[in-house]
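Novice: Build me a model:
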Amino acid sequence: RGEGPDAGVPCIDDHVRASEPVFDYLTRFSGIVPGDLDPQTSRHYLTTLKHAYLKLRYLADCGCVFIGHGLKKDFRIINLTLPPGQQIDTVELFSYRRQRKLSLRFLASYLLGVNIQGTTHDAIEDALTALQLYRKYQQLVATGQFDERLAEMYQWGKAYGWEPVTRDEAGQLLQDK
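Specialist: Below you'll find the predicted structure:
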């Protein structure tokens, strides 16, 4: 949720029940570990693929705006098409045309001063980070600083290999290499 008293509280955190044996959970990318998709041991809400899709379809049909990082790819994978006004994609907001797309991890470290995606993927962490980045985008646009910060980020990323940044106690960027 992006606004109101429940801003930042996830409205969906479902896991799709495995219908066939899983041989590789790709935990580093999925965040899913053995047991997460087992109804006997999972601490997550398990549902069917169809039910998860119908939830998303319902939210889309109600006019909900989805904020995320790499939404175009995510929606293509699940075969869900949304009007442009219902999706705010931070990968597109913070990019130059025909140039490298900035990772969520890099943007979070550079603009928000937080380290995310340490060992495994966490969809909730990614969603909250995308929401915070969107708010930062709004702030930068409102203060007329967006173009300057975007250029600064690209310059820093090119110089230091697009790795997440660190800052000193005063908030100044530090180069680790």
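Novice: From residue 161, how far out is the most centrally placed residue in the chain?
Specialist: Central residue of the chain (Cα atoms, centre = their mean): residue 126, 3.6 Å from the mean position. Taking Cβ to Cβ, to the nearest Å as the measure, residue 126 falls 22 Å from residue 161. Every C-beta, even on glycine, is put in place using the N, C-alpha and C of the backbone.
Novice: What of residue 7?
Specialist: When residue 7 is compared with residue 161 (using Cβ to Cβ), they lie 34 Å apart.
Novice: What is the end-to-end distance of stretch 61-79?
Specialist: 15 Å (Cα to Cα, to the nearest Å).
Novice: How many residues are close by the residue nearest to residue 164 when sequence neighbours are not counted?
Specialist: Leaving aside its sequence neighbours, residue 164 sits nearest to residue 109 (Cβ to Cβ, 6 or more residues apart in numbering; 3.6 Å). Using other Cβ atoms under 10 Å, residue 109 has 19 neighbouring residues.
Novice: Quick check on residue 109: phi, psi?
Specialist: Phi and psi for residue 109, reported as degrees, to the nearest 10, are phi -70, psi -40.
Novice: Confirm for me that it is in contact with residue 115.
Specialist: Yes: taking Cβ atoms under 8 Å as the definition, residue 109 is a contact partner of residue 115 at 6.0 Å.
Novice: tell me the secondary structure for residue 35?
Specialist: Under DSSP: H, G, I helix; E, B strand; the rest coil, residue 35 falls in the coil class.
Novice: Work out for me the element the spatially closest residue to it that is not a sequence neighbour sits within.
Specialist: The shortest distance from residue 35 to any non-neighbouring residue, by Cβ to Cβ, 6+ apart, is to residue 41 (4.3 Å). In this assignment (DSSP states H and E), residue 41 forms part of neither any helix nor any strand.
Novice: Tell me the spacing between residue 41 and residue 156.
Specialist: Distance, residue 41 to residue 156, using Cβ to Cβ: 44 Å.
Novice: higher neighbour count, the two?
Specialist: residue 156 (15 against 9).
Novice: Tell me which helix or strand comes right after whatever helix or strand that one lives in.
Specialist: Assessed by DSSP H and E, residue 156 sits inside helix 146-160. Under the assignment DSSP H and E, the closest C-terminal helix or strand after helix 146-160 is strand 166-167.
Novice: mind listing what that following strand pairs with, with the direction of each?
Specialist: strand 173-174 (antiparallel) (DSSP bridges).
Novice: Strands of the protein, residue ranges please.
Specialist: 14-16, 45-47, 66-68, 87-89, 166-167, 173-174 (DSSP state E).
Novice: Minimum distance to residue 100: which of those strands has it?
Specialist: strand 87-89 (15.5 Å; Cβ to Cβ).
Novice: Indicate each strand paired with that closest one and its parallel or antiparallel sense.
Specialist: strand 66-68 (parallel).
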